[in-house]
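Student: When you get a sec, could you give me coordinates for this:
(one chain, ligands or ions: 1)
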Amino acid sequence: MTYDKFFDTITLPNGVKLSNRLMMAPMCDDSAEQGKVTEQQLSYMNSRAANVGIAVTGYAYVNDQGIQVEGQLSVSRDDDIEGLGKLAKAIKDAGAKAILQLSHAGRESGISAKYGKGVYAPTKMAFPWVDYEIKEMTEQDIHDLINDFKEATRRAILAGYDGIEIHNCNHDILQQFFSSYSNLRDDEWGGNHSNRMKLPLAVLKGVKEVIEEFGNKNFILGWRVSPEEIHGENVGYLVEDMLDQTKHALTIGIDYLNVSLSGGLNYDLDAKPRDHDETFAELFKKLTQDKCLLFIGAHVHHPEDIMKVIDQTDGVYIGRALLLDPEFTRKIRENRAGEIVAAISHKQLAQIGLPDRLVKNYSSPDNYQKGIPLPGL
Ligand SMILES: Cc1cc2nc3c(=O)[nH]c(=O)nc-3n(C[C@H](O)[C@H](O)[C@H](O)COP(=O)(O)O)c2cc1C
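Tutor: Sure thing, here's the model as predicted:
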């Protein structure tokens with residue numbers, strides 16, 4: 001079978017070309033020191049980015065109240081720019097576009113809680129898995145947060161990134177605002193569907209303004225969404241709601257849409273929403289058409305997995321497969337797909353250039369990344 005289509009050049013709406021249809025999925029490697037980039041991250045990202053046309057970093061927090069895990073990148077202060085610049089260079093040197101993912105974990109900011117930085121969320125309410133105090137955001141907190149995303153964008157530009165991706169997914173604060181489960185506010189930032197999407201869209205507009213102020217037409221604006229939020233009885237929003245939010249995001253203008261099928265969902269690549277005949281990929285492609293590029297992924301470990309959706313999307317994101325095999329794409333190009341490593345032992349994991357902290361954390365599967373385990377461990 002030929003996989004030539006994976007290696008087509010594709011063009012973003014701003015005119016920037018990606019050398020192939022493969023994206024390195026954002027994956028936090030837990031290896032920053034106090035938010036600062038470390039040497040191990042540079043060599044690791046350089047080796048993995050060589051597989052793709054566009055590589056997204058793990059999520060970087062935009063302020064101290066939004067830190068979810070130890071070892072997360074910071075883009076919250078100007079003195080982060082130097083290290084972030086080295087990371088951008090490591091990715092670009094590998095031939096990929098370098099994208100910094102910007103995030104705020106809201107109520108999920110366990111590390112901010114641990115270090116006494118304070119945690120806030122749209123609504124003060126109890127969550128069974130949260131054992132720290134959560135404050136309800138004031139109007140001022142909301143405006144400051146929008147500004148923090150804008151400042152983070154400015155830093156990403158100064159650090160030399162090709163673009164940013166907004167983490168409007170995986171239960172981060174922007175999703176917490178959009179969700180009718182976690183946003184019970186009765187002001188203009190909560191209540192009905194349009195009020196609940198106001199914050200994500202205000203952040204998008206804000207970062208877009210910063211990009212325009214800098215006047216770099218080549219800067220890429222990516223937008224990552226979780227297509228629905230359904231946990232048993234608790235429905236935060238349905239795919240129709242997210243399609244509508246995305247329609248508004250397309251009006252503001254994004255270069256690509258990254259539809260996350262993980263982050264509590266753990267769907268298959270070709271999953272369909274409940275009561276739908278079309279896959280998530282088909283539903284979102286119908287909306288984006290040629291307005292922006294669409295990436296989708298999940299559980300891609302072989303080229304056949306990519307084949308399942310490549311006709312319905314513009315590109316595919318690849319996460320864990322790149323952790324397991326730094327030569328994933330080369331093996332496909334060289335007709336050696338049968339040699340791709342798709343499952344791994346703890347011993348092998350320590351020998352493939354992953355940062356030590358990531359290896360260590362994957363060695364304690366009981367308390368780490370239960371939702372996104374590595375095949376074989
Ligand atoms: C170690 C690890 C860290 C992750 N960190 C992030 C992150 O920082 N931001 C994000 O949007 N998704 C994150 N994810 C989710 C991935 O982007 C991706 O959606 C998920 O791994 C499913 O794709 P895969 O099956 O190809 O791995 C992470 C996944 C893994 C395995």
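
Student: what's near enough to touch the residue nearest to residue 253 when sequence neighbours are not counted?
Tutor: Of all residues not flanking residue 253 in the chain, residue 208 sits nearest, at 6.2 Å (CB to CB, 6 or more residues apart in numbering). Where you see a C-beta, it was placed from the backbone N, CA and C, and this is true even at glycine. Going by CB atoms under 8 Å, 6 or more residues apart in numbering, residue 208 touches 221, 252, 253.

Student: just checking, which of those belong to helices?
Tutor: Among these, DSSP state H puts residue 252 in helices.

Student: With pLDDT and neighbour count as extra columns, can I get the contacts of residue 208 in TSV?
Tutor: Converted to TSV, these look like this (pLDDT from 0 to 100; neighbours: other CB atoms under 10 Å):
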residue	pLDDT	neighbour count
221	98	24
252	98	14
253	98	17
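
Student: now, among the contacts of residue 208, which is nearest to the ligand?
Tutor: residue 221 (15.6 Å; CB to the nearest ligand atom).

Student: near the ligand, which residues of the chain?
Tutor: 25-28, 58-59, 101, 167, 169-170, 224, 260, 262, 297-300, 318-321, 369, 372 (CB under 6 Å from any ligand atom).

Student: which stretches of the stretch 151-300 of the chain form helices?
Tutor: 173-178, 193-196, 198-214, 239-252, 280-288 (DSSP state H, counting those that start in this stretch).

Student: got the angle between the third one and helix 239-252?
Tutor: Just to be clear, that refers to helix 198-214. Per axes from the mean of the first three to the mean of the last three CA atoms, to 10 degrees, the angle that helix 198-214 makes with helix 239-252 is 20 degrees.

Student: how far out from the middle of the chain is helix 198-214?
Tutor: 17 Å (CA atoms, centre = their mean, to the nearest Å).

Student: Go through that helix and flag the buried ones.
Tutor: Under the neighbour-count criterion of 16 or more other CB atoms under 10 Å, helix 198-214 has 198, 199, 200, 201, 202, 203, 204, 206, 207, 208, 210, 211 buried.

Student: Need the max-distance pair from those.
Tutor: 198 and 211 (20.4 Å; CB to CB).

Student: what's the nearest residue to the closest residue to the ligand within the chain if we skip its chain neighbours?
Tutor: Nearest residue of the chain to the ligand, counting by CB to the nearest ligand atom: residue 319, 2.6 Å away. For residue 319, ignoring the flanking residues on the chain, the nearest one in space by CB to CB, 6+ apart is residue 25 at 3.6 Å.

Student: do residue 37 as well
Tutor: residue 83 (3.4 Å).

Student: dump the residue contacts of the nearest residue to residue 344 once chain neighbours are set aside.
Tutor: Nearest non-adjacent residue to residue 344, counting by CB to CB, 6+ apart: residue 376, 4.3 Å away. When contacts are counted by CB under 8 Å, 6+ apart, residue 376 touches 324, 343, 344, 345.

Student: Show the model's pLDDT score for residue 376.
Tutor: You'll see residue 376 listed with a pLDDT of 84.

Student: same question, residue 232
Tutor: 83.

Student: Just the terminal-to-terminal distance for stretch 3-13.
Tutor: Stretch 3-13 has an end-to-end distance of 25 Å (criterion: CA to CA, to the nearest Å).

Student: got the buried residues for that stretch?
Tutor: By neighbour count on 16+ other CB under 10 Å, the buried set for stretch 3-13 is 3, 6, 10, 12, 13.

Student: Also stretch 346-366?
Tutor: Under 16+ other CB under 10 Å, the buried positions of stretch 346-366 are 349, 352, 354, 355, 357, 358, 359, 361, 362.

Student: what do you get for stretch 241-251?
Tutor: Of the residues in stretch 241-251, those buried (16+ other CB under 10 Å) are 241, 242, 243, 244, 245, 246, 249, 250.

Student: Quick check: the last one vs residue 193, distance?
Tutor: Right, the one you point to is residue 250. 17 Å (CB to CB, to the nearest Å).

Student: From the contacts of residue 376, which land in helices?
Tutor: Short answer: those in helices (DSSP H) are residue 324.

Student: Now render the contacts of residue 376 as CSV, adding pLDDT.
Tutor: Formatted as CSV, the contacts of residue 376 follow (pLDDT from 0 to 100):
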residue, pLDDT
324, 96
343, 93
344, 92
345, 91
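
Student: who's in contact with stretch 43-51?
Tutor: Outside stretch 43-51, the residues that reach it (CB under 8 Å, 6+ apart) are 22, 24, 29, 31, 55, 57, 87, 90-91, 93-96, 98, 318, 322-323, 326-330, 353-355.

Student: can you give me the offset of that stretch from its chain's centre?
Tutor: Distance of stretch 43-51 from its chain centroid, counting by CA atoms, centre = their mean, is 17 Å.

Student: For stretch 234-242, which residues meet the burial criterion?
Tutor: 236, 237, 238, 239, 241, 242.

Student: What sits closest to residue 162 if chain neighbours are left out?
Tutor: Nearest non-adjacent residue to residue 162 (CB to CB, 6+ apart): residue 97, at 4.1 Å.

Student: From residue 318, how far off is that neighbour?
Tutor: From residue 97 to residue 318 the distance is 15 Å (CB to CB).

Student: Among the buried residues of helix 198-214, pick out the one closest to residue 75, please.
Tutor: Nearest member of the buried residues of helix 198-214 to residue 75, counting by CB to CB, is residue 207, at 11.9 Å.
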